[in-house]
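Student: Provide a 3D model corresponding to the input given below.
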Amino acid sequence: MARIPHVIAGEKVTDAERTQPVFNPATGEVQHELSIAGTQTVEQAIDAAAAALPMWRSTSLTKRADVFFNLRQLLKQRTPELAAIVTSEHGKVLSDAAGEIARGLENVEFASGLLHLLKGERDEQVSTGVDVHSVKQPVGVVAAITPFNFPVMVPLWMIASAIACGNTVVLKPSERDPSASVFIADLFREAGLPDGVLNVVHGDKVAVDTLLDSPKVKAISFVGSTTIAKYIYERAAANGKRVQALGGAKNHMIVMPDADLDMAADAAVSAAYGSAGERCMAVSVVVAVGGVGDVLVSKIKERMEKLVIGDGTDPASEMGPLITAEARDRVESYVAGAEAEGATVVVDGREAQFEGGGFFTGVSLIDHVKTDSKVYLDEIFGPVLGVVRVDTYDEGVQLINDHQFGNGTAIFTRDGGLARQFEFEVEAGMVGINVPIPVPVGSFSFGGWKDSLFGDSHIYGPESVHFYTRSKVITTRWPNPDQSKVDLGFPSNS
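Tutor: Below you'll find the model as predicted:
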């Protein structure tokens with residue numbers, strides 16, 4: 001069985017100390033063996049990144065930009081191959097896998113503009129003969145710790161900007177679907193990135209803690225659960241590092257009585273069940289305002305019944321399996337306990353039947369969800385959509401603002417004034433107006449509020465340039481030449 005290696009200073013390295021299986025979620029079968037890095041291997045990757053830093057930092061911006069232009073073409077050309085890798089280890093359908101590669105490409109394109117992004121500022125004559133200017137310089141070796149749900153897009157959220165800004169990187173992807181990160185490292189090398197600038201290590205808490213504690217690592221980027229995000233933020237910050245740690249979510253979608261209910265139902269189904277609900281921007285809660293609940297639930301149920309669930313490699317499939325058997329069982333436990341919490345299970349995904357040993361579950365719809373229930377409060381991270389009914393818009397906004405998470409939210413309405421009011425009042429980092437998954441384009445930055453973000457920098461886009469650089473301000477004064485002693489070549493009466 002093939003063993004997935006680490007990538008350190010351009011070399012494929014296998015750590016025989018520990019291994020673990022990598023499954024195909026659609027079949028439940030082990031398809032690869034993964035090397036799990038111990039402390040020594042992680043330190044080797046950190047040292048490789050530190051050794052490559054002086055050379056990469058001194059590389060001209062135009063040469064750095066060339067790498068990203070080349071990488072963009074390679075990613076576009078190799079999308080089918082990379083999407084197949086993602087589907088084989090994550091389980092999402094091929095169209096979803098290709099879609100996340102396309103969203104990752106936005107960050108590569110953004111990084112290609114580094115000649116503009118890294119410009120400093122200048123003030124002339126702040127005092128007589130004195131000028132001041134600033135420059136942006138890399139922070140050094142940075143670590144990127146990424147989740148399983150987007151094994152291409154999220155790494156590119158981090159490493160594109162980090163490398164463009166002149167840093168070197170140690171990437172620790174999820175051990176559940178690690179092959180995509182090795183593939184990306186190979187593409188970077190083919191695009192012209194020097195060895196050691198991007199290193200990939202696979203591991204668990206041992207690897208993470210080594211990165212958090214190493215004095216050579218200056219910044220940490222993380223996406224994952226709130227519990228781990230808080231741990232990473234506290235430990236890394238205690239070690240004097242910059243940290244951006246994105247945590248969990250419970251994204252609400254308010255549907256007003258004046259909304260196009262067919263449009264809202266389509267959006268709810270795609271946003272809740274796409275990629276089996278394993279998305280931090282998935283819609284988890286529909287807030288039905290006024291009397292729209294019965295009609296909206298009926299329309300959502302009607303659309304759910306048409307969803308095709310199966311192997312992600314099948315072109316007919318619209319949703320694949322969950323990442324592991326444990327994830328499937330955890331998701332189904334919320335459905336099993338919903339009625340005891342006072343809700344109504346409209347569609348029970350546990351009743352769906354699937355052949356083989358894959359980690360499949362059906363889609364679930366739970367109505368009349370109580371706001372003190374686990375179904376409402378917890379991040380389920382699976383294909384379960386809850387419906388909360390409220391009488392007024394104000395009640396719906398209060399629900400969102402009272403929740404511990406503030407990642408993304410949306411409103412469906414035809415009323416422009418109300419939409420503007422929602423944008424102004426709601427406490428979340430990303431807002432959609434008739435858009436269920438408001439993930440910003442690459443020229444903006446991604447991040448939530450409250451327990452959805454630890455640290456003060458959102459990820460990718462302009463805020464990533466700020467995060468991955470340090471500003472240096474230079475004040476300059478040069479003595480004026482003594483014109484009485486220097487022949488400037490002008491007539492004496494000039």
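
Student: For F23, give me its contacts.
Tutor: The contact partners of F23, taken as Cβ atoms under 8 Å, 6 or more residues apart in numbering, are 29-31, 89, 176, 324, 359. In short, each C-beta sits where N, CA and C put it, glycine included.

Student: Then G203 would be within a strand, right?
Tutor: No. Looking at G203 with DSSP: H, G, I helix; E, B strand; the rest coil, it is coil, so not inside a strand.

Student: what about it, how many neighbours?
Tutor: Residues within reach of G203, counting by other Cβ atoms under 10 Å, total 27.

Student: State the pLDDT value of it.
Tutor: We note a pLDDT of 95 for G203 in this prediction.

Student: again, but for D456
Tutor: 88.

Student: So it lies in a helix, does it not?
Tutor: No. Secondary structure of D456 (three-state DSSP): coil, not part of a helix.

Student: got the buried residues for the host helix or strand of L399?
Tutor: Taking DSSP states H and E as the definition, one finds L399 inside helix 393-402. Residues of helix 393-402 classed as buried: 393, 396-397, 399-401 (neighbour count, 16 or more other Cβ atoms under 10 Å).

Student: which among the residues you listed gets closest to I366?
Tutor: L399 (15.7 Å; Cβ to Cβ).

Student: per-residue confidence at the closest one?
Tutor: According to the prediction, L399 has pLDDT 97.

Student: isn't it right next to T371, touching?
Tutor: Yes. Here L399 reaches T371: they are 6.5 Å apart, a contact under Cβ atoms under 8 Å.

Student: what's the overlap in contacts for the two?
Tutor: Taking Cβ under 8 Å, 6+ apart as the contact rule, L399 and T371 both touch V388.

Student: pull the CA atoms of the helix holding L399 into PDB?
Tutor: Extracted C-alpha coordinates of helix 393-402, given in PDB (Å, rounded to 0.1, in the frame of the first residue of the first chain):
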ATOM      1  CA  TYR A 393     -37.500  40.200  11.800                       C
ATOM      2  CA  ASP A 394     -36.300  41.600  15.000                       C
ATOM      3  CA  GLU A 395     -36.600  38.200  16.700                       C
ATOM      4  CA  GLY A 396     -34.600  36.600  13.900                       C
ATOM      5  CA  VAL A 397     -31.800  39.100  14.100                       C
ATOM      6  CA  GLN A 398     -31.700  38.700  17.900                       C
ATOM      7  CA  LEU A 399     -31.200  35.000  17.500                       C
ATOM      8  CA  ILE A 400     -28.200  35.500  15.300                       C
ATOM      9  CA  ASN A 401     -26.700  38.100  17.500                       C
ATOM     10  CA  ASP A 402     -27.200  36.000  20.700                       C
END
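
Student: about what we covered before: for the contacts of F23, which ChimeraX command selects only the ones that are buried?
Tutor: Command for ChimeraX that selects the buried part of those, burial taken from 16+ other Cβ under 10 Å:
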select :89,176,324,359
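
Student: What about the contacts of F23, which are in helices?
Tutor: Taking DSSP state H as the definition of helices, the contacts of F23 contribute E89.

Student: Show me which of the contacts of F23 is closest to G240.
Tutor: The closest of the contacts of F23, once distances to G240 are taken by Cβ to Cβ, is R176, at 30.8 Å.

Student: Report the contact partners of the closest one.
Tutor: 22-23, 89-90, 148, 323-324.

Student: Between which two of the contacts of F23 is the distance greatest?
Tutor: Spatial extent of the contacts of F23 (Cβ to Cβ) is set by the pair E29 and R176 at 14.5 Å.

Student: Pull the CA coordinates from the longest helix along the chain and hand them back as PDB.
Tutor: Ranked by residue count under DSSP H, the longest helix found in the chain is helix 39-58. Coordinates of each C-alpha in helix 39-58 appear next as PDB, following Å, rounded to 0.1, in the frame of the first residue of the first chain:
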ATOM      1  CA  THR A  39       8.800  16.100  16.700                       C
ATOM      2  CA  GLN A  40      12.100  15.500  14.900                       C
ATOM      3  CA  THR A  41      10.500  15.400  11.400                       C
ATOM      4  CA  VAL A  42       8.500  18.600  12.100                       C
ATOM      5  CA  GLU A  43      11.700  20.300  13.300                       C
ATOM      6  CA  GLN A  44      13.400  19.200  10.100                       C
ATOM      7  CA  ALA A  45      10.700  20.900   8.100                       C
ATOM      8  CA  ILE A  46      11.000  24.000  10.200                       C
ATOM      9  CA  ASP A  47      14.800  24.100   9.700                       C
ATOM     10  CA  ALA A  48      14.300  23.700   5.900                       C
ATOM     11  CA  ALA A  49      11.900  26.600   5.900                       C
ATOM     12  CA  ALA A  50      14.300  28.700   8.000                       C
ATOM     13  CA  ALA A  51      17.300  27.800   5.700                       C
ATOM     14  CA  ALA A  52      15.300  28.800   2.600                       C
ATOM     15  CA  LEU A  53      14.100  32.100   4.100                       C
ATOM     16  CA  PRO A  54      17.100  34.400   3.300                       C
ATOM     17  CA  MET A  55      17.200  33.400  -0.400                       C
ATOM     18  CA  TRP A  56      13.400  33.700  -0.900                       C
ATOM     19  CA  ARG A  57      13.100  37.000   0.900                       C
ATOM     20  CA  SER A  58      15.800  38.400  -1.400                       C
END
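
Student: Show me what it is packed against.
Tutor: Judged by 3 or more Cβ pairs under 8 Å, 6 or more residues apart in numbering; DSSP states H and E, the packing partners of helix 39-58 are strand 6-8, strand 130-138, strand 141-145, strand 168-172, strand 198-200, helix 205-213.

Student: picking that back up, strand partners (parallel or antiparallel) of the very next helix or strand once past the helix holding L399?
Tutor: Sequence-wise, the next helix or strand downstream of helix 393-402 (DSSP H and E) is strand 405-406. Using DSSP bridges, strand 405-406 pairs in its sheet with strand 449-450 (antiparallel).

Student: Who are the contact partners of D209?
Tutor: Going by Cβ under 8 Å, 6+ apart, D209 touches R235.

Student: for the residue nearest to V200 when sequence neighbours are not counted, what are its contacts?
Tutor: Take V200 and drop its neighbours on the chain: the residue closest to it by Cβ to Cβ, 6 or more residues apart in numbering is V7, 4.2 Å away. Contacts of V7 were listed using Cβ under 8 Å, 6+ apart, and they are 13, 182, 185-186, 198-200.

Student: Domain-wise, how is this protein divided?
Tutor: For the chain, the structural domains run 3-247+452-476, 251-433, going by automatic domain parsing.

Student: how about those domains in CSV, adding distance to S445?
Tutor: What follows is the domains of the chain, written out as CSV (distance: least, Cβ to Cβ, whole Å):
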stretch, distance to S445
domain 3-247+452-476, 4
domain 251-433, 9
